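Undergrad: how would this look folded up:
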Amino acid sequence: MRGCADLNRNNLDCLRLIFASTVVFVHLYALSLIPSFSVFDRYLSASFAVKAFFVISGLLIYRSYMRSSSFYSYLDKRVRRIYPAYFTVVVLAAVALCSLSLLPVSLYFGAGFWEYLGANLIFLNFLSPSLPGVFTTNDISAVNGALWTLKIEVAFYLIVPVLYYLCNKFGTKKVVGAVILFSCAWKYSFALLASIDHSHNIITVGGQHNLYSKIENQFPSQLVYFCAGILLLLYFERLKRYFVAISCITVGFYLLDHFFTGGVLDVFWISGLVFVGGFWRYLGNFSKYGDFSYGVYIVHFPILQTLIMLGLAEKSSALFLFVSLLLIFFASFLMWNLVESKFLKSSSHYRQVSQKA
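TA: Modelled structure (predicted):
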């Protein structure tokens, strides 16, 4: 396999679906608190899945910009890829959940509704995470707590042209290295403050976190994972000769991080896992049926919240699990075929591979 890996023949779509599904299973427990589902929280990590997403984004988005004819072309592709489905899930949830609100229709479509719609449509979900009278009987009232990562993705999209320009002007190693150092300084400074100060507690999907912990997980702290993906792309031709060595190093960093450093070194083994899993062995044309990972990620939260509010989780954990997964993957299938794919350009990777299938 030395030197045989190809950027165009990869398993990244498959990995993204696995990571999106990981987030789903973690949220199954976090939202329902069904004791038998605690195994998902014990052996799976939504944080790991999101960080792996960011590594893949760094590789693919930077490559997209390098292959674009202009900034407008690049931006057009990015908007077409994420916003139609995002817009659909936000608006559809805002309108459809009126039927589940404890408030009358006249009060539901008031200031709170428009505040939710306005904030969420511009990716500022934290300003208005809940709809009036919706999911108030659930442990968490947020309509779609998974959308918080999308504003970070948008920030990545906007910073790529700047990074590309600076790398050409001052050199890739200097620029990307400086960005990684800044990102780590931000991340670990707020992690330190979070460990010191526990006076600003707020409820999140994962439990209790203070204010500094929330800031720690936002942009620009996630830039280190995005930049790791960029480095995988730029040094791909060198790295692809050493899959066995990279696999061993990845395992070593994971064990060191898991038993001794408590997550400080996660960018190394997450990047290694993405690279090895994405390129060592080509598993086939996974994209010929479409890319359902994005749909799974953005639709699962309101579906789980709705089923919990309707009492299905209390009646039968097995039935709740079955119905949840069925609705999530059916909704993502519809989202891809009715919304996402319709807005892609004819030159899109997904349209080309589906035509070849």
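
Undergrad: check which helix or strand covers the residue located most distally from the centre of the chain.
TA: Within the chain, S106 marks the point farthest from the mean C-alpha position, 35.2 Å out by Cα atoms, centre = their mean. Assigned by DSSP states H and E, S106 falls within helix 105-108.

Undergrad: shaky segments in the chain?
TA: 1-4, 198-210, 347, 349-357 (pLDDT under 70).

Undergrad: all strands for it, in order.
TA: Taking DSSP state E as the test, the strands found in the chain are 201-204, 207-210.

Undergrad: ok, now how distant is the spatially closest residue to G58 that is not a sequence neighbour from L326?
TA: Leaving out its chain neighbours, the residue that sits closest to G58 by Cβ to Cβ, 6 or more residues apart in numbering is G229, at 2.4 Å. To be clear about C-beta, it is placed using only N, CA and C from the backbone, and glycine gets the same treatment. Counting by Cβ to Cβ, to the nearest Å, the gap from G229 to L326 is 32 Å.

Undergrad: and for C184?
TA: C184 is 41 Å from L326, by Cβ to Cβ.

Undergrad: quick one, what contacts K77?
TA: Contact analysis of K77 by Cβ atoms under 8 Å, 6 or more residues apart in numbering lists S64, S68, K345, S348.

Undergrad: out of G229 and L326, which sits in the busier spot?
TA: G229 (26 against 11; other Cβ atoms under 10 Å).

Undergrad: I figured that one hits F53, correct?
TA: No - assessed by Cβ atoms under 8 Å, G229 is found out of contact with F53, at 9.6 Å.

Undergrad: list the contacts for the residue nearest to L231 when sequence neighbours are not counted?
TA: Spatial nearest neighbour of L231, chain neighbours left out: V176 (6.3 Å); criterion: Cβ to Cβ, 6+ apart. Residues in contact with V176, defined by Cβ under 8 Å, 6+ apart, are L163, C167, C227, I230, L231.

Undergrad: ok so, going back, buried residues in the helix holding S106?
TA: Y108 (16 or more other Cβ atoms under 10 Å).

Undergrad: could you do stretch 84-97 as well?
TA: Within stretch 84-97, the residues that count as buried by 16+ other Cβ under 10 Å are P84, A85, Y86, T88, V89, V90, A93, A94, L97.

Undergrad: thinking again about what came up before, would you list the contacts of K77 in JSON lines and tack on neighbour count and distance to S45?
TA: Output for the contacts of K77, formatted as JSON lines (neighbours: other Cβ atoms under 10 Å; distance: Cβ to Cβ, whole Å):
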{"residue": "S64", "neighbour count": "18", "distance to S45": "27"}
{"residue": "S68", "neighbour count": "17", "distance to S45": "33"}
{"residue": "K345", "neighbour count": "11", "distance to S45": "35"}
{"residue": "S348", "neighbour count": "15", "distance to S45": "31"}
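
Undergrad: would JSON lines of these with distance to Y254 be doable?
TA: Shown next, in JSON lines, are the contacts of K77 (distance: Cβ to Cβ, whole Å):
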{"residue": "S64", "distance to Y254": "29"}
{"residue": "S68", "distance to Y254": "35"}
{"residue": "K345", "distance to Y254": "39"}
{"residue": "S348", "distance to Y254": "35"}
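
Undergrad: quick check, nearest of the residues you listed to D291?
TA: Among those, S348 lies closest to D291 (Cβ to Cβ), at 10.0 Å.

Undergrad: what separates the closest one from L273, distance-wise?
TA: Between S348 and L273 the computed distance is 27 Å (Cβ to Cβ).
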